[in-house]
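Novice: Have a look; sequence and predicted model below, questions after that.
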Amino acid sequence: QQQVKQSPQSLIVQKGGISIINCAYENTAFDYFPWYQQFPGKGPALLIAIRPDVSEKKEGRFTISFNKSAKQFSLHIMDSQPGDSATYFCAASLRGNQFYFGTGTSLTVIP
Amino acid sequence: DGGITQSPKYLFRKEGQNVTLSCEQNLNHDAMYWYRQDPGQGLRLIYYSQIVNDFQKGDIAEGYSVSREKKESFPLTVTSAQKNPTAFYLCASGRYADTQYFGPGTRLTVL
């Protein structure tokens, strides 16, 4: 059973546009929600993370929106750039014991 | 990639052969993890360890074995019992109830 469902599978955005990736989770006990960015042939790198006591967290052009009642969270990339082209993974964890990952979104930002 | 190293970067295995993937971290993290990544399937947990000399099976542990004799090291052995081992293997480490940091990965190919 997929604990975290991620959509879309792929996304194409114009340079300067907004990229939005969505995730939904099942277990209401999850208490930590990170997003990772992965370039081809590399390991995922932590991008931004949120805990369920806040509804939004912003770091530069990256924002996480969190909806606890809907059990959903999303990543917004403002002013998307070609260098943002990568695969993005959402994840959820319970006290850091295990992390459950979404299936990934391949983002392409076209000039 | 931080202070997590994985070796080798590429590994080739013959049928019926056991191979060991190395993972070392100098971040003083208690927890270490092994994931397998296949196209379109995200990251799947193989094994994890939260303390030296103790480890737990993840979702796809069959055909794999690990050891945790030192805090800094968490090697993964892919045994001949793993029928489809060709994949990208990622090691991660983290503090309790905190995020995970990934190594650069090892790409294993069965010849």
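Specialist: Arrived safely.
Novice: who's in contact with B:Ser49?
Specialist: B:31-33, B:55-56, B:66, B:68, B:74 (CB atoms under 8 Å, 6 or more residues apart in numbering or on different chains). Placement of C-beta: from N, CA and C, glycine included.
Novice: cutoff 10 Å now
Specialist: B:30-34, B:55-56, B:66-68, B:71, B:74, B:93 (CB atoms under 10 Å, 6 or more residues apart in numbering or on different chains).
Novice: Could you do A:Gly96 as well?
Specialist: A:31-32, B:30-31, B:50, B:94-100.
Novice: Which one among those sits at the bottom for pLDDT?
Specialist: Across the set of those, B:Ala97 stands lowest in pLDDT, at 65.
Novice: rewinding a little: out of the contacts of A:Gly96, flag the one nearest to A:Tyr100.
Specialist: Using CB to CB, A:Tyr32 comes nearest to A:Tyr100 of those, at 10.8 Å.
Novice: A:Leu94 is in contact with that closest one, correct?
Specialist: Yes - counting by CB atoms under 10 Å, A:Leu94 is a contact partner of A:Tyr32 at 8.0 Å.
Novice: Comparing the two, which residue is more hemmed in?
Specialist: Each of A:Tyr32 and A:Leu94 has its neighbours counted (other CB atoms under 10 Å in any protein chain shown); A:Tyr32 has more, 18 against 15.
Novice: gap between the more buried one and chain B?
Specialist: For A:Tyr32, the distance to chain B equals 7 Å [CB to the nearest CB, to the nearest Å].
Novice: Burial check on residue 24, number of neighbours?
Specialist: This is for chain A. For A:Ala24, using other CB under 10 Å, the count is 19.
Novice: that's the wrong chain, I meant chain B
Specialist: 18.
Novice: so where does it fall, helix or strand?
Specialist: strand B:19-25 (DSSP states H and E).
Novice: Kindly report which residue of chain A is located farthest from the centre.
Specialist: A:Pro111 (22.5 Å; CA atoms, centre = their mean).
Novice: Surely that residue touches A:Asp84?
Specialist: No - using CB under 10 Å as the test, A:Pro111 is too far from A:Asp84 to be in contact (12.0 Å).
Novice: what about the strands in chain A?
Specialist: A:4-7, A:10-14, A:19-25, A:33-38, A:45-50, A:56-59, A:62-67, A:72-77, A:86-93, A:99-101, A:105-110 (DSSP state E).
Novice: Tabulate those strands in CSV, adding columns for mean pLDDT.
Specialist: As requested, the strands of chain A are exported to CSV (pLDDT from 0 to 100):
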stretch, mean pLDDT
strand A:4-7, 95
strand A:10-14, 97
strand A:19-25, 98
strand A:33-38, 96
strand A:45-50, 94
strand A:56-59, 96
strand A:62-67, 96
strand A:72-77, 98
strand A:86-93, 95
strand A:99-101, 90
strand A:105-110, 97
